[in-house]
Structures are given as C-alpha cells and as structure tokens.
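> Need coordinates for the below:
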Amino acid sequence: MKKAKRNAVLTLIIFVLLVAGAVYTILFGLGAENAGRAEDIILGLDLRGGVSVTYEIVESDATDAAIAATQDKLQRRVDNYSTDGEVYKEGSNRLTVEIPVDTSKYDPNKILDEMGRPGTLEFMDTTNYELFAAGKEYTAALTGSDVQEATGGIREDQTTGKKENVVSLQFTEEGAKKFADVTSANVGKPVYIVYDGVVASAPTVNEAITGGSAEINNISTYEEAESLASTIKIGALPLTLRELRSQVVGAKLGSDAVRTSLLAGAIGLGIVFLIMIIVFRFPGFIASIALSVYVILELFFLQSLGISLTLPGIAGIILSIGMAVDANVIIFTRIKEEIADGKTVKTAIKNGFSKAFSAIFDGNITTIIAGVVLLWMGSGSVKGFAKTLILGIVLSMFTALVVTRLLLNAFANLGVTNKKLYGEAKHRKVVKFSRAFRITATISILTILTGIAFLFINKGINGRGDTLNYSLEFSGGTSTTVTFDKEYTLAEAESEIAPLIAEAAEVQVGTIQIQIVDNTNQIIFKTSELDEAKRTAVANKLEEKFGLSDDKIDSQNISSTISSEMQRDAIIAVIVASILMLIYIALRFSDVRFGAAAVIALIHDVMVVFMVYSVAYLSVGGTFIACMLTIVGYSINATIIIFDRIRENLKIMKTDYDTIVDTSISQTLTRNIYSTLTTFSTILMLYILGVASLKEFTLTLIAGLLCGLYSSVFITGPLWLFMKKHIGKKKAVEKDTKQTAKA
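Purely as a prediction, here's the structure:
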C-alpha cells in the first residue's frame, strides 16, 4: 500500500512537472527557434488577412519543367510582399498563391494584378531598342527565362573600402552564351533591360562578360538595387495563367475573427468544465484537468507540425473538444454503472476504462474517416478544418484514455475512494423506444420531404430564385463583404449602395444579391464574375463614398469552372465517407446490418440538415462539405455507443432482440444527452460570439448535433432491430428460440 501511494505521489509530481514544461513551451518556446510557442502558430489568410489566388494553366501541353519554372517565378513575386507567402501546385494544371499581408498597407488588387501578369523581360542592344521604341520589329538578345538569379545588395571595394549598391546577375547556361555575345558586341554601349515595355535599367557594358554572371553598379540607393533585382528575377512567366479563384481578406476582419473565436472557445470550455463537475463530481474535475492538457497539446502540435490555423480550423478544435468530453462521459458513465453494481472504486475505474475503450475507439476512428475524406477532397479552409479535427481527435483519445486514467488511478491509490465523489448510476426503467419506430420514421420522412419540397418552393419565393442558396464556391462569381461604419437595412443597401457597386462593376442593379449579416455592420454583395479591374473599381468607389479602408473590404472571386468541381466533390465526399464507414462498422461489429443501419441513419441526419439549408435558404458552399461530414462523423459516434452496448448485451442478456435494443438505448441515453449538451455548449458559443462567416456553419452544426441525438435514440437501434428481424429472418427466429429455451 505504501508503495502504491509512493508511486501515485511520484506520478502526480511528474505530471505537474510535464504540464508546467508544456505551458512554458507554448508561452516561450524551446531552443533558438522557439519551437512549440503558441504565438508562432501559422494563421491562415482568413485570420490574419492577405491575398489568395488560384490560376489554371492555359497550355494543355505544359511540361513539368515549365510548370516548375512558372511556380518559381510566382514565388519570387510573392517574396516581394511576404516571406511567409507560398505558391503550391493543385492537381496537374493549377497553381495557388497565398500571400499573408496587411491589406491596409498594400493594395490587394494591385498584388493580384502583379501576380497574374504574364510579364516580358528583355535585354536589348541600342539598335534593337531604337527599333522597339519606334514600334518596329526587333530582336531581344535575352529574355527573362535566361536569368537564373538576380540579387540586390551592397558591395565593398576591398582596396578603397568604398561601399556601392549593386545588382548581381546569374544566367542560365544558354543565357550565359547569349549575354557573352551581346556584351562582346556592345563594349562601351548600354544594354537596355526592358520590363513590360518600360526601361528598368540601361547599364553600360565595360567589357565582354563571358563567365555567366554579371554585376550592375552605379545604383543610387540600396532600395533601388533591391527593386531592380526584384524586377529582373520575377521576369516573364513561362506559361499563360487564367484566374479561377481569388480572395482578399482584410486584416481587421481576420483579427476580429481570432479574438471572437478564442473568446467563444474559452467560454465554451468553461461551461464544459462546469457541466462535467456538476454531473460527474470528482471524475469531472479530473476530466477538466485532462481537457486543459488537451488544449495545451493542441497548441503545441499546431505550431510544431506547421499546421495553418484557419477560421473553420478553430471550429474544428472546438468540435474536437466536444469529442474529448464525449470520451470522458463514456468512461465516467461506465464507472458509475460499475459502482452501482457493487464494485469498489478502484475496480470500477479499471472496468470502466476497459468497457468504454471499444466505443471510444470505434467512434473516433469513424470521425477520423470523415476528416481524412475532407483532407483528401477538400481545399483551402476546408482542409484546415480537417487537419485540426484529425489532430484534435487523436489528442482527445490520448487525454481521455491516458491522462484521465493516469490521474484517476493516482488519486484512487492516494485514498480518494469515497463512492459519493464518483456517483452511482441509477437503474433506469427500460423505455420501449423500438415501439415508436414507425412514428419517428414517419416524422423523419416528412421532414426530409419538406426539405425536398422547398427546392421547388424556393424558386417562387421573392428574392431567392434558385433551388438552393448557392454561395460563391458553388455558383461562381464575385462576393464582396464590406464592414461599414454603421448598420444598414436591406432597403438602404439596395437604394444607396447597390447602385454604386453596379456602376463600378458595370452590371445591372437587379443582378446584385445582397445579404445583411445580423447584428453586425457587415453586408455581402454577390455579383457575376468580375475581373481585377472591376474589383478595383468597386473597392475604390466604396472607399471614396463611405471613407472605408482596404482592411474593411473582403472580396472573393471564383470561376464557374471551379465551382462546378466543388459541387461534384461535395457529393463524392459524402458518398466516399459513408461507404468507408459502412465497411469499417460492418467489419468491427461482424454484422453488415450494423453498418447498413448506421449509414442509413447518417443519410437521414445529412438529409435533415439539408432540409435546414433548404428551408432557411442558408448559404451552400465550401463549408457545407465540412459541415455535412462533421455531422456524419459526430452522429455516427453516438450511434456506435448504442451499437457497442447492443453488441455487449447480446452476449450477456438471454432475452428477445426488442428488449436488448430498448435496454441498450435506455442505458446509453444519459450519456448521449450529456455528450450532446457539452458539444452543443461549445458550438453555441461560437455561434453567438463568432464572426459572420461562421454563423451559418455553426448553426447547421447545432442542427446536426440535435439530429444526431434524435437518430441515435429513435432511428439506429430500432432500424437495426427491423433489419435483424426481416433480413435473414430465419436465422434470427432460430436464435430467438434458442435464447428462450435457455432462459
């Protein structure tokens, strides 16, 4: 006993030290690079502001080398604005540029213009430059593709010590030969460097340069040298690019999103702590400590793994907190049941974790499946959501199965074994849920049919005009979110603002869709697809009329090509996730009827939430995919809890299937209610306090949570029972007969 207490004390000391070290790490970091510091977590464009654009390569025969060269040129252009900017390839013929910048300091539309500009960089001798200036045909000695590197800097003369601003050039192998020819023929004469028809520099050739590198001197300032080097190295793009999607996020919108989302998360977490302690007493207090560890680990791994944190990513973290709570609820419910059966606290803790493991494991794996499908098929912020969701689920399993267990066992060994501190499950009356299946199934069918009916009704409702309220991602076009200095009504926006936008964008006023964001000064204007010049004109008109700064205007542009692909991917993602889940559940439960019932219930949940989108005419876009698959992952978690209990009761209860199903649902009912309540609390806070772009997303998540609770109680178990009786009916009857005979 003394040894057990000594080990428990040692365990708690080590735990406190590790937590202290982890807290220090996320506050100050480790090593010279401050690894793990939360302050250094990479924020996505939607949280820190900036510019994002996706291009499609026009040439169908573009080689890998040409694509790589184009990507490199774009990256060089990006580096002029931000060292954190990135250019990456999407699929086989697309390049995406992301530049986090303060849009109050840089003109975002100018950045977009420069990124996609084909550009022409040419080196000319005097004769050809004169022909060029006269508008006649000429021949360039070199082009931008012949330049390998250009660097601006300061060179110090080793003899005199005099410092001079210079630009160092490095040519490709072919470019070195061309430069040797032009400099050999033009000693004492200038060579003109022309970018997009404008002379950027005209240095005089002092001698023939044959070594493949050169230096331009006599530059007045360091800044001028840097600018010239930048102009030369971004050069011309080897391939032609067509803009598919672009987005400008104001820095203020991003900072507001971070502040409100973090506040929502903190309040939601506090509510969860309170609920857990009230319901589960001492284990609830331990769970609160474990959840705090979860948050610390989440911050550490976000920074260490270099995961960009996006706005939907924050929602993913908050949702995974709910999943972490769910695992603890399952464990503690089992512990209370063991205590009610007369077990000691130590034995109850051991048995509770053992019996809860399969349900926690299966539930989380199925949610990870949804996350992986999102990661595979999603893009942009949806991928950010998937990454944080998957990371959160893995950490939630660790904190529930390792940290919570470690702490409970340590305190139990120290003598914290009063059963009153842990609670005791009440033997609840078995409710005949299965008898209500026909009624609940009818309600569900009518609800789903209502959603389908509204697809046709929406077209006739004034101001809608389409079956669903497709957002930019699914319909294509340009969306401009503007934060005004005061709140406008819809009528005021239509009469005072829409005409200005229509004039600048050269569109009809009647074609502009206007959405007022409740309880904010934000208004969203949707138009047909606008090019960069028209987007600039709209921004300038709004700034001039209402005195707005760039950081209060958030614009997004998506072509019809990419929007149709997103619609297709959304459907495929749900189908793929459902099939994978069916296979997993069928294998784990050794009965395909479990898998079939679970997937039918998932389709039910998706269709009910789809009804919410249809009736409320909510925006259907990129986050729609994340919302649907999150609902799929979360609701199946509740389903698996019941199926796990049915599987367990099939082995120990010698009675008919109806009683087994009703007993299993009754035994897990409080768990499903508590888990839904805690997750609901965190998502509700995000809905109340979050920014406009998250409100619809969180609203539908709330609808999905409630629907998942309903289906797990009234649909999944009874549906499995129906299939058990009517699919493979002969075998089921035989088993019932044997069980009755044994009884």
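> For the residue lying closest to Asp569 once chain neighbours are set aside, give me the pLDDT.
In space, Asp569 comes closest to Met377 once its chain neighbours are excluded; the distance is 5.0 Å by Cβ to Cβ, 6 or more residues apart in numbering. Every C-beta, even on glycine, is put in place using the N, C-alpha and C of the backbone. Reading off the per-residue confidence, Met377 sits at a pLDDT of 75.
> ok now do Met377, which residues does it touch?
Contact analysis of Met377 by Cβ atoms under 8 Å, 6 or more residues apart in numbering lists Asp569, Ile572, Ala573, Val576, Ile625.
> how about 7 Å then?
Met377 is in contact with Asp569, Ile572, Ala573, counting by Cβ atoms under 7 Å, 6 or more residues apart in numbering.
> where's it relative to Val576, distance?
7 Å (Cβ to Cβ, to the nearest Å).
> still on that earlier bit, just among the contacts of Met377, which is most surrounded?
Each of the contacts of Met377 was scored by neighbours using other Cβ atoms under 10 Å; the highest score is Ala573's, at 22 neighbours.
> tell me, how many neighbours does Ile307 end up with?
Under the neighbour criterion other Cβ under 10 Å, Ile307 is assigned a count of 19.
> With Thr70 instead?
Counted with other Cβ under 10 Å, the burial measure for Thr70 works out to 23 neighbours.
> Verify the stated contact: it with Leu237.
Yes: applying Cβ atoms under 7 Å as the test, Thr70 and Leu237 come out as touching, 5.3 Å apart.
> Please enumerate the helices of the stretch 151-300 of the chain.
With DSSP state H, counting those that start in this stretch, the ranges of helices along the stretch 151-300 of the chain come out as 173-184, 222-234, 251-280, 282-304.
> just checking, what packs against the second one?
Read that as helix 222-234. Taking 3 or more Cβ pairs under 7 Å, 6 or more residues apart in numbering; DSSP states H and E as contact, the helices and strands that helix 222-234 lies on are helix 64-79, strand 147-156, strand 163-171, strand 198-201.
> try it again with 10 Å
With contacts defined as 3 or more Cβ pairs under 10 Å, 6 or more residues apart in numbering; DSSP states H and E, the packing partners of helix 222-234 are helix 64-79, strand 121-124, strand 147-156, strand 163-171, strand 192-195, strand 198-201, strand 213-219.
> now the first one
Using 3+ Cβ pairs under 10 Å, 6+ apart as the contact criterion, the neighbours of helix 173-184 among helices and strands are strand 121-124, strand 142-143, strand 147-156, strand 163-171, strand 213-219.
> at 7 Å what do you get?
Under the contact rule (3+ Cβ pairs under 7 Å, 6+ apart), helix 173-184 is packed against strand 142-143.
> Tell me what Gln247 is bridged to.
Ser52, Gln556 (DSSP bridges).
> what sits against it?
With contact taken as Cβ under 7 Å, 6+ apart, Gln247 is in contact with Leu45, Ser52, Gln556.
> gap between it and Ile501?
Going from Gln247 to Ile501 by Cβ to Cβ gives 18 Å.
> Can you report how many residues neighbour the residue nearest to Ala225 when sequence neighbours are not counted?
Computed as Cβ to Cβ, 6+ apart, the closest residue to Ala225 that is not its neighbour in sequence is Gly152, at 3.8 Å. Using other Cβ under 10 Å, Gly152 has 21 neighbouring residues.
> same deal with Ile631?
Counted with other Cβ under 10 Å, residues neighbouring Ile631 total 24.
> Mind pulling the model confidence for it?
Per-residue confidence (pLDDT) for Ile631: 74.
> now the closest residue to it other than its chain neighbours: how far from Asp362?
Closest residue to Ile631 apart from its sequence neighbours, by Cβ to Cβ, 6+ apart: Gly704 at 3.4 Å. Using Cβ to Cβ, Gly704 is found at 20 Å from Asp362.
> ok, these two, which is more surrounded?
Under the criterion of other Cβ under 10 Å, the comparison of Gly704 against Asp362 puts Gly704 first, with 24 against 21.
> so the more buried one makes contact with Val609?
Yes: assessed by Cβ under 7 Å, Gly704 is found in contact with Val609 at 4.9 Å.
> list residues touching both of these two?
By Cβ under 7 Å, 6+ apart, Gly704 and Val609 have these common neighbours: Ile631.
> Just give me the least confident of the contacts of Met377.
By predicted confidence, the contacts of Met377 are weakest at Asp569, whose pLDDT stands at 71.
> so what secondary structure elements neighbour the one helix or strand that residue maps to?
Secondary-structure element containing Asp569, defined by DSSP states H and E: helix 560-589. Other helices and strands packing on helix 560-589, by 3+ Cβ pairs under 7 Å, 6+ apart, are strand 241-249, helix 345-377, helix 472-475, helix 592-616, helix 622-652.
> if we go to 6 Å?
Using 3 or more Cβ pairs under 6 Å, 6 or more residues apart in numbering; DSSP states H and E as the contact criterion, the elements in contact with helix 560-589 are helix 345-377, helix 472-475, helix 592-616, helix 622-652.
> how big is the angle separating that helix from strand 241-249?
Calculated by axes from the mean of the first three to the mean of the last three Cα atoms, to 10 degrees, helix 560-589 forms an angle of 70 degrees with strand 241-249.
> So what's the residue count around the nearest residue to Ile278 once chain neighbours are set aside?
With sequence-adjacent residues excluded and distances taken as Cβ to Cβ, 6+ apart, Ile278 is closest to Gly284, at 7.1 Å. Around Gly284 sit 22 other residues, with neighbours defined as other Cβ under 10 Å.
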